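K.L.:
This is a predicted model, with the sequence first.
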Amino acid sequence: MRGLMMDRPLLISSLIEYGAEVHATSQIVSRRVEGDIHRYSFVEARSRIARLAQGLLELGVRPGDRVATIAWNGYRHFELYYAISGIGAVCHTINPRLFPEQIVYVLNHAADRILFTDLTFVPLVEKIAPAVDALETVVLMADDGPAAEAGLEGAAGYETLLKDSADGFKWPEFDENTAAGLCYTSGTTGNPKGVLYSHRSNVLHALAALAAGEVHLTQHDRVLPVVPLFHVNAWGLPYAVPLTGSTLVFPGPGLDGASLFDLMDAEGVTSAWGVPTIWFGLLAEMDKRGAKPGALEAVVVGGAAPPRAMIERFEHNYGLDVCHGWGMTEMSPIGSLCLLRPDMDALSPEQKIDVKTRQGRRLFGVEMKIVGDDGENLPHDGVAFGELHVRGPFITSGYYEDEIANETAFDDHGWFRTGDVAKIDPDGYMAIVDRTKDMIKSGGEWISSIDLENAAAGHPDLLEAAVIARPHPKWGERPLLVAVSREGVTLAPDDVRAFLEDKVASWWIPDDVVFVAELPHTATGKVRKSTLRQQFKDYVLPGAGD
């Protein structure tokens with residue numbers, strides 16, 4: 001027997017319609033590429049989005065067409081999120097930090113017909129456009145004057161597209177499982193892989209994130225997504241915020257610590273979301289000024305595990321609430337958020353940090369299990385660890401037109417294999433131990449490169465640290481720590497090893513520490529371990545060559 005409820009589709013267009021009606025006075029504030037500040041209400045945003053949607057139709061965009069963006073976080077990029085998917089097309093956000101060859105690959109793989117780009121990326125587009133097969137039109141996301149002066153031959157102007165469009169646009173209705181967005185992984189090995197989101201999955205993900213608990217997304221909050229719109233839906237914020245009425249503050253290209261501090265301070269930002277590399281820069285600026293941005297209350301950290309020392313500095317030095325999150329491109333992307341239960345209020349500050357270093361409890365809709373080497377499920381006892389598998393309504397069921405990748409992406413029961421090694425405690429708090437390919441097996445025992453890196457990152461004179469395995473004739477593998485020290489500081493390997501003596505097990509202490517000017521990073525800010533392993537493939541640990 002079916003229930004007698006109306007069958008109304010979950011569509012992305014309904015989110016901005018709700019925001020414009022219920023939270024009409026909430027704002028979207030953007031620092032533009034041009035350097036000035038743009039601000040408007042959700043009502044004004046909805047009007048421009050509708051005119052843009054009409055303009056896209058007049059350009060010949062049809063349901064199922066892929067429309068690409070290479071742009072910073074700003075109001076025009078936000079408008080594209082809604083206008084493209086709202087007419088049944090697919091918003092393909094491209095990470096400009098990918099190698100040019102990878103950008104060409106994803107544009108061709110997706111068969112994008114139209115590309116929207118900020119003025120910043122005109123030189124990049126000029127370089128790659130001749131190699132993109134299906135590309136018909138490039139639209140410059142700027143006022144008419146700067147767009148005309150950019151000099152990109154045959155390019156259209158964004159504002160002209162809107163001005164020539166008629167008002168009174170009404171959103172079409174279609175199946176909620178219609179594709180809405182396309183995002184490619186950063187491609188640490190092989191070509192990037194496409195994840196194709198649906199209207200249903202994005203709406204459910206937004207609702208699940210808001211249901212997780214207090215993540216500083218109320219109508220009284222002013223939220224700054226440093227996490228980019230060009231990757232994994234800016235962690236779902238463009239879809240969640242119109243539901244809550246929070247003010248969105250977009251940073252544009254100004255992602256350094258000083259620029260972020262000034263914008264947060266001037267705009268009264270109460271919470272900000274971003275990856276650890278961004279927060280290192282903001283913390284350095286806060287230390288320099290001896291203060292936090294005036295209204296800032298919380299930071300959400302994801303993309304990579306933040307070192308314990310970072311959480312401690314935010315919380316103990318500046319009184320900020322840190323929420324640690326975990327997810328993947330394949331998960332829309334948030335899978336868990338680390339929020340303390342009410343009964344944890346009585347914990348000591350150090351005990352609270354102990355909890356906050358974990359990746360947290362699953363969102364509604366995300367099921368998790370940990371699997372041993374034998375394929376059997378492991379207990380959620382906080383001790384056993386294995387590969388983390390997930391499933392749910394906003395988790396990929398397969399990479400876009402990539403059967404080779406799909407062959408190994410799922411287990412025999414259809415769960416997605418994350419590649420993360422994790423443990424889950426009886427209270428449901430999940431902690432990532434490592435990536436399956438980054439675990440170090442020494443003398444038959446496992447060493448977590450993540451835990452060792454986080455311990456090393458607590459050294460006051462280290463900016464960043466990464467751990468990789470190197471062969472050892474006796475132990476099989478031993479850890480090598482590759483580190484970046486602060487400018488003007490000279491450290492010896494034994495200085496770091498001594499620092500770690502009371503922080504990790506004695507047999508975890510790295511056999512050597514090598515200092516480099518910088519660590520290689522992926523396009524999403526994670527340390528590229530594959531590059532490090534190649535860089536140190538001939539490195540012999542002390543005593544290992546005897």
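P.N.:
Ah, there it is.

K.L.:
For the stretch 151-300 of the chain, just list every one of the strands.
P.N.:
156-157, 179-184, 194-198, 222-225, 247-250, 271-274, 298-301 (DSSP state E, counting those that start in this stretch).

K.L.:
Roughly how far does residue 121 sit from residue 137?
P.N.:
Separation of residue 121 from residue 137 (CB to CB, to the nearest Å): 16 Å. Glycine gets a C-beta too; all of them are placed from N, C-alpha and C.

K.L.:
ok, now residue 128?
P.N.:
15 Å.

K.L.:
if we can go back for a sec, right, and the strands of the stretch 151-300 of the chain - which one's nearest residue 32?
P.N.:
Nearest of the strands of the stretch 151-300 of the chain to residue 32, taken as CB to CB: strand 247-250 at 9.0 Å.

K.L.:
Please work out the average pLDDT along that closest one.
P.N.:
On average, the pLDDT along strand 247-250 is 98.

K.L.:
Just the buried residues of it, please?
P.N.:
Neighbour counts using 16 or more other CB atoms under 10 Å place 247-250 of strand 247-250 among the buried residues.

K.L.:
now swap in stretch 484-504 and tell me
P.N.:
485, 491, 493, 496-497, 499-500, 503-504.

K.L.:
Same list, these, but as CSV with distance to residue 6 and pLDDT please.
P.N.:
CSV is the format used below for those (distance: CB to CB, whole Å; pLDDT from 0 to 100):
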residue, distance to residue 6, pLDDT
485, 62, 93
491, 65, 93
493, 67, 93
496, 63, 95
497, 65, 94
499, 62, 96
500, 60, 95
503, 58, 91
504, 57, 89
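
K.L.:
Okay, strands next: where are they in the stretch 301-450 of the chain?
P.N.:
For the stretch 301-450 of the chain, applying DSSP E, counting those that start in this stretch gives strands covering 321-327, 334-338, 361-362, 367-371, 386-391, 416-424, 430-435, 440-442, 445-447.

K.L.:
Now do the fourth one against strand 386-391: the angle between them, please.
P.N.:
In this case it means strand 367-371. Orientation note: strand 367-371 sits at an angle of 150 degrees relative to strand 386-391 (axes from the mean of the first three to the mean of the last three CA atoms, to 10 degrees).

K.L.:
avg pLDDT for strand 367-371?
P.N.:
Taken as a whole, strand 367-371 has an average pLDDT of 98.

K.L.:
Output the contacting helices and strands for that strand.
P.N.:
strand 386-391, strand 416-424 (3 or more CB pairs under 8 Å, 6 or more residues apart in numbering; DSSP states H and E).

K.L.:
what sits up against that strand?
P.N.:
Strand 367-371 is touched from outside by 335-336, 362, 377-378, 380, 384-392, 411, 415, 422-424, 430, with contacts defined as CB atoms under 8 Å, 6 or more residues apart in numbering.

K.L.:
repeat that for 10 Å
P.N.:
Residues from elsewhere that reach strand 367-371, judged by CB atoms under 10 Å, 6 or more residues apart in numbering: 335-336, 361-362, 377-380, 384-392, 395, 411, 413, 415, 417-418, 420-424, 428, 430, 433.

K.L.:
what's the angle between it and strand 334-338?
P.N.:
On the basis of the same axes, to 10 degrees, strand 367-371 is oriented at 90 degrees to strand 334-338.

K.L.:
Buried subset of the contacts of strand 367-371, written for ChimeraX?
P.N.:
Buried residues within these, by 16+ other CB under 10 Å, are selected in ChimeraX with:
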select :335,336,361,362,378,380,385,386,387,388,389,390,391,392,395,415,417,418,420,421,422,423,424,430,433
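
K.L.:
now the helices for the stretch 401-546 of the chain?
P.N.:
Taking DSSP state H, counting those that start in this stretch to define them, one finds helices in the stretch 401-546 of the chain at 403-409, 449-457, 493-500, 529-535.
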